[in-house]
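Engineer: Below is the sequence, then the predicted model.
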Amino acid sequence: MAPVAVSPQASPVFKKRDGQALEELSDAIDEINVLKDTKKREAEKKAAEKKEAEEKGLYEESEFDKEKDKTNFRQYEDASDRVKNFYQEQHTKQTVAYNLKARQDFHSKTRAEMTVWEAMEKLNTLIDESDPDTSLSQIEHLLQSAEAIRRDGKPRWMQLTGLIHDLGKLLFFFDAEGQWDVVGDTFPVGCAFDDKIVYGRDSFRENEDFGHKIYDTKFGIYTPGCGLDNVMLSWGHDEYLYHLAKEQSTLPDEALAMIRYHSFYPWHSAGAYHELMNDHDRDMLRAVKAFNPYDLYSKSDGIPSVDELKPYYMELINEYFPTKVLKW
Ligand SMILES: O[C@H]1[C@H](O)[C@@H](O)[C@H](O)[C@@H](O)[C@H]1O
Ligand SMILES: [Fe+2]
C-alpha cells in the first residue's frame with residue numbers, strides 16, 4: 001500500500017484505531033440522527049392521528065342520547081302560554097330597525113368585566129321563558145350540555161363550547177328590553193320570515209316588516225350565496241356571545257359557529273335559508289348539527305353538581321380564554 005501523508009509521530013496502529021473510532025462515532029451519530037428522525041416522525045404521526053381522531057369524534061353521531069325519546073322535545077303546539085306569549089312578542093318586535101339599533105348599542109360600550117365562571121353564576125337566576133323543555137337554571141343547563149359532550153369523548157374545545165354557549169343570555173341583565181331580545185330560536189331579519197320558524201309565518205303578522213316590499217321578499221336585502229356572515233340574525237344571546245368569543249377566546253371556527261347558530265333551528269334543523277349559505281357555512285352547518293343534540297337532549301339528564309365539576313371546567317376555561325377577566 002502506498003505510504004500516506006501522516007505526521008512522522010503517528011504510528012500506523014494508532015491511526016488505524018483512530019480511523020475506526022471515528023467511523024464508529026460517526027455511525028453512532030448517524031444512528032442517533034435516524035432515531036431522532038423516527039421519533040420526530042412518530043410524534044408527528046401521533047399528533048396527526050390524535051387530531052384526526054378528535055375531528056372524527058366531532059362529527060360522529062352522539063351516543064349519550066341513544067335511548068331518549070326525541071319526540072318529547074320542542075313540542076311548541078302543546079307548550080305553555082309562557083312559551084306561546086314569548087314567541088308572539090319576539091316575532092312582533094324583532095324587526096330590521098330594532099336589529100340595526102341593537103348592534104350599534106352592542107359595539108358602543110363594555111357592559112361589565114368578569115370571568116367566565118362569574119358570568120355563569122350571574123346567569124344562574126335566569127329561567128328562559130322560550131324553552132318548553134327545561135325550567136332548570138342556566139348554569140345547570142350549561143353543565144348538562146358540557147358533561148354530555150365530555151361523556152361522548154368529544155374534543156375539549158367542544159366541551160367548553162357546551163359550557164358557555166348560552167352565556168350570552170347575560171344580555172338580559174344589561175340592555176335588554178325583555179326576554180324577546182335575548183332568548184328563543186333565531187331567524188334572519190331583512191328577508192321573508194320562513195314558515196319553518198316556530199309557529200310559522202303567520203306569527204309575524206304584527207311585525208312591521210311583514211308584507212314590506214323588500215324585507216318580505218325571498219332574498220330581501222341579501223343575495224343568493226352571500227354567506228351567513230352577511231346576514232342579520234335576530235338579535236339575542238347567540239350573536240352577542242359569538243362576537244365576544246371571537247375576540248376574546250382562542251376557540252376554533254367550529255366552536256364560534258356552534259355559538260352563533262345554535263338557536264337557528266329553521267336553518268340547522270328545518271333546512272330553511274340554505275340559499276343564503278356559502279361554502280364555509282356548509283362546513284359550519286355540519287359542526288352546528290353535531291352540537292345540537294348536546295344542547296337539546298341533555299335537558300332531560302340528571303342535575304349536575306356545580307361544586308364537583310368546577311375544578312375541571314375552570315382549567316378548560318383558562319385554556320381557551322387567556323385573559324381570564326373578559327369584557328362583556
Ligand atoms: O338555543 C336555545 C334554543 O333556541 C331554544 O329553543 C330556546 O328556547 C333557548 O332560548 C335557546 O337558548
Ligand atoms: Fe341557547
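Structural biologist: Ah, there it is. Ligands and ions are numbered 1, 2, ... in the order given.
Engineer: got the residues of this protein near ligand 1?
Structural biologist: Those residues of the chain that sit near ligand 1, judged by Cβ under 6 Å from any ligand atom, are 128, 130-131, 166, 183-185, 262-263. No exception for glycine: its C-beta is placed from N, CA and C like everyone else's.
Engineer: could these go into a markdown table alongside secondary structure and neighbour count?
Structural biologist: Conversion of the residues of the chain next to ligand 1 to a markdown table gives the following (DSSP: H, G, I helix; E, B strand; the rest coil; neighbours: other Cβ atoms under 10 Å):
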| residue | secondary structure | neighbour count |
| --- | --- | --- |
| Asp128 | coil | 24 |
| Ser130 | coil | 22 |
| Asp131 | coil | 18 |
| Asp166 | coil | 25 |
| Val183 | coil | 27 |
| Gly184 | coil | 26 |
| Asp185 | coil | 23 |
| His262 | coil | 26 |
| Ser263 | coil | 25 |
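Engineer: Could you list which of those also contact ligand 2?
Structural biologist: Checking the residues of the chain next to ligand 1 against ligand 2 by Cβ under 5 Å from the ion, the ones in range are 166, 263.
Engineer: my guess is Val96 contacts Gly190, does it?
Structural biologist: Yes. Val96 sits in contact with Gly190 when judged by Cβ atoms under 8 Å, with a separation of 5.2 Å.
Engineer: Give me the common contacts of the two.
Structural biologist: Residues touching both Val96 and Gly190 (Cβ atoms under 8 Å, 6 or more residues apart in numbering) are 209, 215, 221, 232.
Engineer: Wasn't the first one part of a helix?
Structural biologist: No. With DSSP: H, G, I helix; E, B strand; the rest coil as the criterion, Asp209 is coil rather than part of a helix.
Engineer: what's the closest non-adjacent residue to it?
Structural biologist: Spatial nearest neighbour of Asp209, chain neighbours left out: Tyr215 (4.2 Å); criterion: Cβ to Cβ, 6 or more residues apart in numbering.
Engineer: show me the contacts for that neighbour.
Structural biologist: Under the criterion of Cβ under 8 Å, 6+ apart, the neighbours of Tyr215 are 96, 189-192, 209, 221.
Engineer: Now for those residues: which two are most distant?
Structural biologist: Pairwise distances across the contacts of Tyr215 (Cβ to Cβ) peak at 12.4 Å, for the pair Val96 and Ala192.
Engineer: Can you lay out the contacts of Tyr215 as CSV showing neighbour count and secondary structure?
Structural biologist: As requested, these are arranged in CSV below (neighbours: other Cβ atoms under 10 Å; DSSP: H, G, I helix; E, B strand; the rest coil):
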residue, neighbour count, secondary structure
Val96, 20, helix
Val189, 23, coil
Gly190, 21, coil
Cys191, 23, coil
Ala192, 19, coil
Asp209, 21, coil
Ile221, 16, coil
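Engineer: and which of those residues is nearest to ligand 1?
Structural biologist: Comparing those against ligand 1 with Cβ to the nearest ligand atom picks out Val189 as the nearest, at 16.1 Å.
Engineer: show me the contacts for the closest one.
Structural biologist: Listed by Cβ under 8 Å, 6+ apart, the contact partners of Val189 are 94-96, 99, 209, 215, 232-234.
Engineer: buried set for the helix or strand where Trp157 lies?
Structural biologist: Taking DSSP states H and E as the definition, Trp157 sits inside helix 156-164. Within helix 156-164, the residues that qualify as buried by neighbour count (16 or more other Cβ atoms under 10 Å) are 157-164.
Engineer: what packs against the longest helix along the chain?
Structural biologist: In the chain, with assignment by DSSP state H, the single longest helix is helix 12-59. When contacts are defined as 3 or more Cβ pairs under 8 Å, 6 or more residues apart in numbering; DSSP states H and E, helix 12-59 sits against helix 279-296.
Engineer: So the helix it packs on, near ligand 2 or not?
Structural biologist: No. Contact between helix 279-296 and ligand 2, assessed by Cβ under 5 Å from the ion, is absent, since the two come no nearer than 6.6 Å.
Engineer: Contacts for that helix, please.
Structural biologist: Outside helix 279-296, the residues that touch it by Cβ under 8 Å, 6+ apart are 58-59, 62, 64-65, 73-74, 133, 145, 148-149, 152, 158, 161-162, 165, 227-228, 253-254, 257-258, 261-262, 264, 267-269, 277.
Engineer: Nearest residue to Ala192 in space, please, no chain neighbours.
Structural biologist: Asp216 (5.2 Å).
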